[in-house]
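Student: Build me a model:
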Amino acid sequence: MALGMSERSQELAVEWAKTREVFGGKLGDNQAIQWMLTDSQFDIETIRWNTYYAAWLVDRGGYSAARLQSSMVKGYCIDAGLRVVDRSMQILGGRGLAIDDYPFSDFYNQLRMCKQMEGSTEIMKIVMAREILGK
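Tutor: Next up is the predicted model:
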């Protein structure tokens, strides 16, 4: 979920930055916007490769072999997805809050719920600590 919602949010933010005219130029010409987009791309790629790596570990040895990585993905990727959605909303300004035009509010709410579902972020940290400490 975090990967798909982050990618779609980034696509919408990039499209907006490339087409929105502000102060005699494109919004995407602004360095602050460029940095927000690159930070989001870092988060998206980190979500992608951490998720793929966890899936690869599960395929090779089952969940117990991938417990640490899977917990890290759950704990980190939801937060990274929330950051991407938040940046995208910020890039679109007031339009980013338009519920009928853009999916950001739904994405944010769904990702925020994931922080508590199927093991909260805090529980994932306990699982990670036990794995790291060999307990």
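Student: wouldn't S40 be in contact with V85 here?
Tutor: No - contact criterion C-beta atoms under 8 Å: S40 and V85 do not qualify, at 9.1 Å. The C-beta positions use only the backbone N, C-alpha and C, and glycine is treated the same way.
Student: So for those two, which sits in the more crowded spot?
Tutor: A count of neighbours by other C-beta atoms under 10 Å puts V85 above the other of S40 and V85, at 29 against 24.
Student: Let me see the contact set for the one residue sitting closest to the centre of the chain.
Tutor: Central residue of the chain (C-alpha atoms, centre = their mean): G81, 1.5 Å from the mean position. Under the criterion of C-beta atoms under 8 Å, 6 or more residues apart in numbering, the neighbours of G81 are M1, A2, L3, M5, S6, D43, I47, F107, L111.
Student: how about TSV for these, with pLDDT added?
Tutor: Listed next are the contacts of G81 as TSV, based on pLDDT from 0 to 100:
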residue	pLDDT
M1	89
A2	91
L3	94
M5	96
S6	97
D43	97
I47	96
F107	93
L111	92
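Student: Mind naming the longest helix for this structure?
Tutor: helix 31-61 (DSSP state H).
Student: other SSEs contacting that helix?
Tutor: helix 2-19, helix 67-92 (3 or more C-beta pairs under 8 Å, 6 or more residues apart in numbering; DSSP states H and E).
Student: Touching the helix or strand of the chain with the lowest mean pLDDT from outside, list them.
Tutor: Sorted by mean pLDDT, DSSP states H and E, the helices and strands of the chain end with helix 121-133, the least confident at a mean of 88. Contacts to helix 121-133, defined as C-beta under 8 Å, 6+ apart, come from residues R67, L68, S71, M72, K74, G75, I78, D79, K115, G119.
Student: picking up where we left off before, tally of neighbours for the nearest residue to the residue nearest to the centre of the chain once chain neighbours are set aside?
Tutor: Leaving out its chain neighbours, the residue that sits closest to G81 by C-beta to C-beta, 6 or more residues apart in numbering is A2, at 3.3 Å. Using other C-beta under 10 Å, A2 has 27 neighbouring residues.
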